[in-house]
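Peer 1: Okay, structure incoming, though there's no sequence with it:
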């Protein structure tokens, strides 16, 4: 299958299914299937696939009586990958960390211990909670050996869906996430949606040397955005799962990769997309594939059809650093050259009884009819003369990140329209903390479907318009490219949402 282009992704079946095309994929290699990066298997790699292990779910911790109290220990440890021992990072010794299940209105209390050799912190990606104090505050820094007590209070009307948590200390985010620090958060539906089974699938990638130690990223990989040589599902190489013919399962999928875009297919099975990120469609959409930028999540219904199937990540072109002065090394390619088998699915048994219809979801609020109080443009650019340690710089509106500077000041309880303009030759997925975005125009075309996302991909040399309701909370937080190497290299800004009626200057 040929790589899908960035612009073709904008036209896949309406927002529809531009919504399923929220990204692209880069250098997709894995020891599961064949050659390594640039077509060469890494020298001495001991991590060839041993597929067939049964899919394991991450450990789960559930709230009770409105409270979930969790202790997370971020530390290196030994895990099994593909039948071999490896040293990775992890929360509580797991890869991924435990899945946290909460409900709207709950209080989530997390005591985070830093067992790393460098600073860290915690971001609850996508949750609509306060960005201040000991809540989802990206400016908290936890020194090695220290602990910090976070407290997140979910609003009573918080959107159900799949979210996730990971470190967010500027400069080391990509290293820590690629090393294994991530886990899922599920905000449960107020009324259960019927399914034979629910699975949480955390997709990640990492690079290991022949001894099973985490490999470092080269300067060129940091500029492009690193893509690990092993692609994992719940920390496993090509696990196997079984499903009865006619059964309907709910798959909650999160792309925790630092830079890899996942164009997911499960050919031969019946797929319906309930939503992306925190957004839900009023009625599930029939899809053949779902394309997730780094940080995106999908709520997918899989109805089994007799026979075997393979969950695959197939090719997508996310752009290139080629032609930018030749300072990157290599050809700077960003296009996926092949397909990765992520998991095998075996469908067995006689067909089950007819399934009930998937219930319609509440109609999402549509910001296209809202009064817009401000319109802004954010220009994402790459160029020479910046970045960590010199080299290529990554900027928003011509500036690299400075945690002591406020880049954007917003009035609380307002609706703004942002034009996201990407002048660079690579896709950049924008993530805004706390407040989700509604895409209203993509590549010059109006978007009809209503969907809230916290990661919106902006294809190379194109523009996307979004609307944002800055309701519920005030305070300082950040927006940034969710290719985490680009964030670490400066593609991030600080936003200050002021209480309604407070002067902005």
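Peer 2: Yes, it's here. Keep in mind that what you see is a predicted model, and the values were worked out from it rather than measured. Numbering: from 1, shown residues only.
Peer 1: ends of stretch 166-173, how far apart?
Peer 2: Stretch 166-173 has an end-to-end distance of 8 Å (Cα to Cα, to the nearest Å).
Peer 1: can you give me the helices in the stretch 401-505 of the chain?
Peer 2: Counting by DSSP state H, counting those that start in this stretch, the stretch 401-505 of the chain has helices at residues 484-488.
Peer 1: swap that for the chain, please
Peer 2: Counting by DSSP state H, the chain has helices at residues 14-20, 173-179, 219-224, 484-488.
Peer 1: quick one: which of those is nearest residue 66?
Peer 2: Of all those, helix 173-179 sits nearest to residue 66, with 30.0 Å by Cβ to Cβ. All C-beta spots, glycine's among them, are computed from the backbone N, C-alpha and C.
Peer 1: gap between that closest one and the chain center?
Peer 2: In terms of Cα atoms, centre = their mean, to the nearest Å, the centre of helix 173-179 is set 13 Å apart from its chain centre.
Peer 1: for that helix, packing partners?
Peer 2: The contact analysis (3 or more Cβ pairs under 8 Å, 6 or more residues apart in numbering; DSSP states H and E) places helix 173-179 against strand 84-91, strand 161-166, strand 197-206, helix 484-488.
Peer 1: Direction included, what does the longest one pair up with?
Peer 2: This means strand 197-206. Using DSSP bridges, strand 197-206 pairs in its sheet with strand 230-233 (antiparallel), strand 248-255 (parallel).
Peer 1: Out of the ones you listed, the one nearest residue 151 is which?
Peer 2: strand 248-255 (23.2 Å).
Peer 1: Show me what that closest one is in contact with.
Peer 2: Contact partners of strand 248-255, identified using Cβ atoms under 8 Å, 6 or more residues apart in numbering, comprise 23, 162, 164, 184, 186, 193-203, 243, 261-262, 264, 274, 290, 292-304, 355.
Peer 1: rerun that using 7 Å as the cut-off
Peer 2: Residues from elsewhere that reach strand 248-255 (Cβ atoms under 7 Å, 6 or more residues apart in numbering): 162, 164, 184, 186, 195-203, 243, 262, 292, 294-303, 355.
Peer 1: Now that strand: average pLDDT?
Peer 2: Averaged over strand 248-255, pLDDT sits at 96.
Peer 1: Over to stretch 465-482?
Peer 2: The model assigns stretch 465-482 a mean pLDDT of 98.
Peer 1: Likewise for stretch 125-139?
Peer 2: Averaging pLDDT along stretch 125-139 gives 98.
Peer 1: now the strands for the stretch 1-150 of the chain?
Peer 2: Ranges of strands within the stretch 1-150 of the chain are 21-22, 60-62, 67-81, 84-91, 99-102, 107-114, 123-125, 147-153, based on DSSP state E, counting those that start in this stretch.
Peer 1: distance between the fifth one and the chain's centre?
Peer 2: I take that to be strand 99-102. Using Cα atoms, centre = their mean, the offset of strand 99-102 from its chain centre is 17 Å.
Peer 1: ditto for the second one
Peer 2: Centroid separation for strand 60-62 versus its chain: 21 Å, with Cα atoms, centre = their mean.
Peer 1: who touches it?
Peer 2: Outside strand 60-62, the residues that reach it (Cβ under 7 Å, 6+ apart) are 68, 70, 98-101.
Peer 1: what about residue 362, how many neighbours?
Peer 2: Other residues near residue 362 come to 9 when the count uses other Cβ atoms under 10 Å.
Peer 1: for it, phi and psi?
Peer 2: Main-chain torsions, residue 362, degrees, to the nearest 10: phi -50, psi 140.
Peer 1: do the same with the one 4 residues further on
Peer 2: Comment: the main-chain dihedrals of residue 366 come out as phi -110, psi 110, following degrees, to the nearest 10.
Peer 1: so where's the protein uncertain?
Peer 2: Within the chain, the ranges that satisfy pLDDT under 70 run 1-52, 321-337, 351, 354, 384-392.
Peer 1: relative to its centroid, which residue of it is most remote?
Peer 2: residue 350 (36.5 Å; Cα atoms, centre = their mean).
Peer 1: In contact with that one, which residues?
Peer 2: Contacts of residue 350 by Cβ under 7 Å, 6+ apart are residue 245.
Peer 1: now the helices and strands packed on helix 173-179 in CSV, with mean neighbour count and distance to residue 228?
Peer 2: Compiled in CSV, these are given as follows (neighbours: other Cβ atoms under 10 Å; distance: least, Cβ to Cβ, whole Å):
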stretch, mean neighbour count, distance to residue 228
strand 84-91, 21, 11
strand 161-166, 25, 15
strand 197-206, 21, 3
helix 484-488, 26, 12
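Peer 1: and of those, who's closest to residue 436?
Peer 2: Closest among the helices and strands packed on helix 173-179, once you apply Cβ to Cβ, is strand 161-166, at 10.1 Å.
Peer 1: contacting residues around the closest one?
Peer 2: In contact with strand 161-166 (Cβ under 7 Å, 6+ apart) are residues 122-127, 177, 181-187, 252, 254, 256, 275, 278, 297, 299.
Peer 1: who touches the residue nearest to the spatial centre of the chain in this structure?
Peer 2: The centroid of the chain falls nearest to residue 295 when counting by Cα atoms, centre = their mean (1.2 Å). Contacts for residue 295 (Cβ under 7 Å, 6+ apart) come out as 125, 255, 429, 431, 455, 482.
Peer 1: right, and out of those residues, which lies closest to residue 236?
Peer 2: For the contacts of residue 295, the residue nearest residue 236 by Cβ to Cβ is residue 255; the value is 16.1 Å.
Peer 1: The closest one - how many residues pack around it?
Peer 2: Count around residue 255 with other Cβ under 10 Å applied: 30.
Peer 1: ok, now the one 10 residues further on?
Peer 2: A count of neighbours around residue 265, defined by other Cβ under 10 Å, yields 21.
Peer 1: now do residue 189
Peer 2: 14.
Peer 1: Check residue 415 too.
Peer 2: Residue 415 sits with 18 neighbouring residues when counted by other Cβ under 10 Å.
Peer 1: coming back round to it: among the helices of the chain, which is nearest residue 360?
Peer 2: Short answer: helix 14-20, nearest of these by Cβ to Cβ, at 16.6 Å.
Peer 1: CSV please, covering the helices and strands packed on helix 173-179 and showing distance to residue 365.
Peer 2: As requested, the helices and strands packed on helix 173-179 are arranged in CSV below (distance: least, Cβ to Cβ, whole Å):
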stretch, distance to residue 365
strand 84-91, 34
strand 161-166, 15
strand 197-206, 26
helix 484-488, 29
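Peer 1: among these, which is nearest residue 133?
Peer 2: Nearest to residue 133, of these and by Cβ to Cβ, is strand 161-166 at 17.4 Å.
Peer 1: returning to that earlier point: just curious, which of the contacts of strand 60-62 is nearest to residue 466?
Peer 2: residue 100 (27.7 Å).
Peer 1: quick one: the nearest residue to that closest one once chain neighbours are set aside and residue 160, what's the gap?
Peer 2: Distances taken as Cβ to Cβ, 6 or more residues apart in numbering put residue 185 closest to residue 100, at 4.7 Å, once the chain neighbours are dropped. Residue 185 sits at a distance of 11 Å from residue 160 (criterion: Cβ to Cβ, to the nearest Å).
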